[in-house]
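Engineer: sharing a sequence plus its predicted fold:
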Amino acid sequence: MKAIRRFTVRTVLPEALAPLDELSTNLRWSWHEPTRQLFREIDPAGWENTHDPIALLGAVEPARLSELAADASFVATAKQLVDDLHAYLTEPRWYQTLTDAPASIGYFSPEFGIAAALPQYSGGLGILAGDHLKSASDLGVPIIGVGLFYRAGYFRQAISREGWQLESYPVLDPDGLPLTVLRHPDGTAAQVALALPDGRALYARVWQVAVGRIRLLLLDTDIPENADELRSVTDRLYGGGGEHRLLQELLLGIGGVRAIKAYTELTNTPFPEVFHTNEGHAGFLGLERISDLIGAGLSFQTALQVVRAGTVFTTHTPVPAGIDRFEVEMITKYFSTDLLPGVAASDVIALGEENYTGGDATKFNMAVMGLRLAQRANGVSKLHGEVSREMFGALWPGFEPEDVPITSVTNGVHAPTWTDPMLAALAADKLGTGDTTGCDWNSKSVTDADLWAVRGRMREQLVTDARRRVSAAWQEQNPGVGAPAWYSELLDPAVLTIGFARRVPTYKRLTLMLHDEARLRSLLLHPERPIQIVIAGKSHPADDEGKRLIQRLVEFASEPEVRKRIVFLPNYDIGMAKLLYPGTDVWLNNPLRPLEACGTSGMKAALNGSLNLSILDGWWAEFYDEENGWAIPSADSAGDGAERDKLEADSMYDLIEHQIAPRFYDRGRNGVPTRWVESIRHTLATLSPALSADRMVKEYVERLYVPAAAAEKVVSADGFRPARELADWKARVTAAWPKVHVSHVESGGVDAVPQVGDDLRLRATVDIDGLAPTDVAAEVVYGRARDSDRIDDVVHQGLELASGEERPVVFAGTVPLARAGSFGYNVRVVPSHPLLAGPAEMGLIAVAE
């Protein structure tokens, strides 16, 4: 009989085992191997099936608990581990050594991938957010995370007999998850409320998640206070469109700030000085903060300066199609209510409207609003920063792409989470530390045989897991029918193993490997140097084209000739990934350049000594060094997409056949591929520190959080007087700017034939309308002049005010001619104020013509 309702009854632990309760509810266990080993000891089979302490404790028999409670060694280990957790939570760490760092930071993301036991993620964005929180915890960064609690998570993937992706949405029971409700002192649940059109209201309770030292708040609308149609607002991650998606993002941004207010008041925790918006989904958080400041007596424009100063915005998409956009009419409808007291709908629209060349006036753009609400913004790799500056350049008309105020912080991955315990154990045994990002992998203390043996065990572990997963998928679709016998021979622990796993949008080109099926077969079945490929990934439920790619791959992998050498594993998740990345010898990534923002899956593989085979896109474009893997040449100049695919696929096949496989199978007398192991050592030694999320979080702190907190403190001083003055100044400069122009530039000081060592003297006459000379900055921009008169290798040099008493004003300066060759220059004028973060912030420029 089928149950009409399911819920979880938590086990009651013997007093001697009380530490297990605290250890199980703080997600530090997900990256702390000693704690994981403790739970594995309770029930090894149960742990392998769940990797979830709460589920494990709920399933273990009372007799086993009594046995453990009487085991003095187990009890002592549990006590030691909970004491270690307390020390971890309270002792100063890296962040506590900093001066003038913000006391608290709000970090907002639509998804968080922390552990398989809390499935609130769909892909790279969520995994990145989870790794951000984990490294922040390890470093002592006082972040408060904010997201939504999705009752059905993303979706569970199965593959039909025809190879078609099937989605199901198992409903999660919060009582069986590491969650606690945020409560008032009287025990009632804290809630946030949002006013909606037609007199309705949306309510949400606030779940708390302990992620090491970090507190993550997740908002949940499935509560009795909501009407039935509103209880489903947080039903699924990315599950709806239009109005449903807007409600989720209003709740995340506006409700998220309100949740932080409730949490900080109830726990006496500092309110964030800096807010970090991880992608545009949470962008409405800035409007809630503006509304609060308006309530304190500030004007909208003054409040905007305060909010901008303390906000960081990270864009993760290199394609406009990846940005959430809503109809302006819908935004007007929702903000013509009591949702945000003091904030007019027209002011909201102005922040997200596409009022620039190429924009659509009927659309409200969440990324555009995110950029306009943040004084500091970044992409997630150097190349993605360049792409973002091009993509959003229309917001700063007249500026060159390199001047667009979007920097980059290359993503990183959390090493304790993604490094296989076998590799960490090798480092601890031979190098004296389990920190694989900080040890000397070139040390002779670790022999080639040591490294190769660990790599072999990780590959064997993957093969075993793959066989288990395909057998379980068969049993699910064919209850009571034994799995095919050949499943026991699926993959070979001794064969060169290539991994490919990620979301399946078309630009990631899942099926590029199938471009020449005959060539791929020959590689898979090579008599001396065979390869095998393990593939996983989910397509968005609405993306039929992505599902067709999966279907084509599954059909090929089902052919009797190759089915033991290539496999698609269904339901890609954290649990699978933690065995897949370490178990592969080569990690394959072949997106259409430059559409991969970062691509952290290859980073996780590299942390385990896997070598990358990738298009030079995302992180690989800045870290590839010819020894840590192979670069697939990009055929950017191909005539069309089909020709590009052919050229790049052929290059991939050639690299595998002529370079990768020969190096892997070239063994010494001891069976170790010495040259391959050299590359493993090099990868571990050079990439492990650089790809660590600790490096990433430190960059965010030092380059973005600390400056943002300082800027917010300055504009908020003296009752927000600097913010008021800045808002007034911006209004005055913006009004006058149409009449600001460089009317004349004269030069001198060089002979008829300029030579290296000459000085070029410049005088620029500038009309500044009613502005003061100190309101603007004049610069000479110079460098190498190309045939198109474009200046490359640009240098900016400020010009000094030479005559400011009369109008127009004159700026002057001297440029040394330090190198031979073609030389070009121009003069530009931009607004200047000490509280601007950069010359392009206001999007105003005047250039000599």
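Structural biologist: Perfect, I can see it now.

Engineer: how close does Y150 get to F112?
Structural biologist: Remark: distance between Y150 and F112 (C-beta to C-beta, to the nearest Å) = 10 Å. Where you see a C-beta, it was placed from the backbone N, CA and C, and this is true even at glycine.

Engineer: look at R6 and report its pLDDT.
Structural biologist: Looking at R6, its pLDDT is 62.

Engineer: ok, back up a step: so what sits against both of Y150 and F112?
Structural biologist: Q120 (C-beta atoms under 8 Å, 6 or more residues apart in numbering).

Engineer: other SSEs contacting the helix or strand hosting R763?
Structural biologist: Assessed by DSSP states H and E, R763 sits inside strand 759-767. If you count contacts as 3 or more C-beta pairs under 8 Å, 6 or more residues apart in numbering; DSSP states H and E, strand 759-767 packs onto strand 741-748, strand 776-785, strand 809-816, strand 824-831.

Engineer: at 6 Å instead, please
Structural biologist: strand 741-748, strand 809-816 (3 or more C-beta pairs under 6 Å, 6 or more residues apart in numbering; DSSP states H and E).

Engineer: so A136 touches I143, yeah?
Structural biologist: Yes. A136 sits in contact with I143 when judged by C-beta atoms under 6 Å, with a separation of 4.6 Å.

Engineer: so which of the two has more stuff around it?
Structural biologist: I143 (29 against 26; other C-beta atoms under 10 Å).

Engineer: if I look at that one, how far off is D654?
Structural biologist: According to C-beta to C-beta, I143 and D654 sit 46 Å apart.

Engineer: residues near the closest residue to V181 other than its chain neighbours, how many?
Structural biologist: Spatial nearest neighbour of V181, chain neighbours left out: A189 (5.0 Å); criterion: C-beta to C-beta, 6 or more residues apart in numbering. A189: 13 surrounding residues under other C-beta under 10 Å.

Engineer: likewise for G641?
Structural biologist: Using other C-beta under 10 Å, G641 has 9 neighbouring residues.

Engineer: next, the buried residues of stretch 451-470.
Structural biologist: By neighbour count on 16 or more other C-beta atoms under 10 Å, the buried set for stretch 451-470 is 451-452, 454-455, 457-459, 461-463, 465-467, 469-470.

Engineer: now stretch 217-224
Structural biologist: In terms of neighbour count (16+ other C-beta under 10 Å), stretch 217-224 has its buried residues at 217-222.

Engineer: now do stretch 691-705
Structural biologist: So for stretch 691-705, counting by 16+ other C-beta under 10 Å, buried means 691-701, 704-705.

Engineer: same question, stretch 166-180
Structural biologist: For stretch 166-180, a neighbour-count test (16+ other C-beta under 10 Å) marks 167, 169, 172, 174, 176-179 as buried.

Engineer: what does stretch 552-566 give?
Structural biologist: For stretch 552-566, burial by neighbour count (16+ other C-beta under 10 Å) applies to 553-554, 556-557, 562-566.

Engineer: how about stretch 635-646?
Structural biologist: For stretch 635-646, burial by neighbour count (16+ other C-beta under 10 Å) applies to 635, 644-645.

Engineer: just for this structure, where's the confidence low?
Structural biologist: 1-10 (pLDDT under 70).

Engineer: picking up where we left off before, could you tell me which of the buried residues of stretch 635-646 belong to helices?
Structural biologist: Among those, the members falling in helices (DSSP state H) are 644-645.

Engineer: distance to R93 added to the buried residues of stretch 635-646, as JSON lines?
Structural biologist: Listed next are the buried residues of stretch 635-646 as JSON lines, based on distance: C-beta to C-beta, whole Å:
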{"residue": "A635", "distance to R93": "47"}
{"residue": "R644", "distance to R93": "47"}
{"residue": "D645", "distance to R93": "48"}
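
Engineer: where exactly do the helices run in the stretch 551-700 of the chain?
Structural biologist: Assigned by DSSP state H, counting those that start in this stretch, the helices in the stretch 551-700 of the chain fall at 574-583, 600-606, 620-623, 641-655, 661-665, 674-690, 693-699.

Engineer: turn the ones you listed into JSON lines, including distance to S743.
Structural biologist: Shown next, in JSON lines, are those (distance: least, C-beta to C-beta, whole Å):
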{"stretch": "helix 574-583", "distance to S743": "61"}
{"stretch": "helix 600-606", "distance to S743": "51"}
{"stretch": "helix 620-623", "distance to S743": "43"}
{"stretch": "helix 641-655", "distance to S743": "48"}
{"stretch": "helix 661-665", "distance to S743": "65"}
{"stretch": "helix 674-690", "distance to S743": "49"}
{"stretch": "helix 693-699", "distance to S743": "43"}
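
Engineer: so which of those helices is the most surrounded?
Structural biologist: Most buried of the helices of the stretch 551-700 of the chain by mean neighbour count (mean count of other C-beta atoms under 10 Å) is helix 600-606; its value is a mean of 28.

Engineer: alpha carbons of it, in CSV - could you do that?
Structural biologist: What follows is helix 600-606, C-alpha atoms only, in CSV (Å, rounded to 0.1, in the frame of the first residue of the first chain):
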residue,chain,number,x,y,z
THR,A,600,34.9,24.2,-12.1
SER,A,601,34.5,20.5,-12.8
GLY,A,602,37.9,20.4,-14.4
MET,A,603,39.3,22.1,-11.3
LYS,A,604,38.0,19.4,-9.1
ALA,A,605,39.5,16.7,-11.3
ALA,A,606,42.9,18.5,-11.2
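
Engineer: list the contacts of the residue nearest to N608 when sequence neighbours are not counted.
Structural biologist: Excluding the flanking residues, the one nearest N608 by C-beta to C-beta, 6+ apart is P582, at 3.9 Å. Contact analysis of P582 by C-beta atoms under 6 Å, 6 or more residues apart in numbering lists 420, 458, 608.

Engineer: give me the number of residues near the last one?
Structural biologist: When you say that, I think you mean N608. By the criterion of other C-beta under 10 Å, N608 has 27 neighbours.

Engineer: for it, what are its contacts?
Structural biologist: N608 neighbours (C-beta under 6 Å, 6+ apart): 420, 423, 581-582.

Engineer: nearest to I349 among these?
Structural biologist: For those, the minimum distance to I349 (C-beta to C-beta) is 44.2 Å, reached by Y581.

Engineer: is the closest one in contact with A605, as I believe?
Structural biologist: Yes. Between Y581 and A605 there is a contact under C-beta under 6 Å: 4.5 Å.

Engineer: any residues in contact with both of A136 and I143?
Structural biologist: I214.

Engineer: now do the strands in the stretch 251-400 of the chain.
Structural biologist: Using DSSP state E, counting those that start in this stretch, the strands assigned to the stretch 251-400 of the chain run over residues 274-278, 311-314, 325-327, 363-365, 376-379.

Engineer: against L726, how distant is R681?
Structural biologist: Distance, R681 to L726, by C-beta to C-beta: 53 Å.

Engineer: actually A501, sorry about that
Structural biologist: Counting by C-beta to C-beta, the gap from A501 to L726 is 48 Å.

Engineer: mind listing the residues bridging to F108?
Structural biologist: Here F108 sits in beta bridges with V146, T277, going by DSSP bridges.

Engineer: for W418, give me its contacts.
Structural biologist: Here W418 is in contact with 604, 607 (C-beta under 6 Å, 6+ apart).

Engineer: wait, T314 sits on A377?
Structural biologist: No. T314 lies out of contact with A377 (C-beta under 6 Å); the separation is 7.3 Å.

Engineer: against which helices or strands is the helix or strand hosting W207 packed?
Structural biologist: Using DSSP H and E, W207 maps to strand 201-211. Under the contact criterion of 3+ C-beta pairs under 6 Å, 6+ apart, strand 201-211 touches strand 191-195, strand 214-220.

Engineer: rebuild these as a markdown table, extending it with distance to L246.
Structural biologist: Written out in a markdown table, the entries for those read as follows (distance: least, C-beta to C-beta, whole Å):
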| stretch | distance to L246 |
| --- | --- |
| strand 191-195 | 11 |
| strand 214-220 | 15 |
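
Engineer: measure T447 to V211 for me?
Structural biologist: T447 is 38 Å from V211, by C-beta to C-beta.

Engineer: thank you kindly, that will do.
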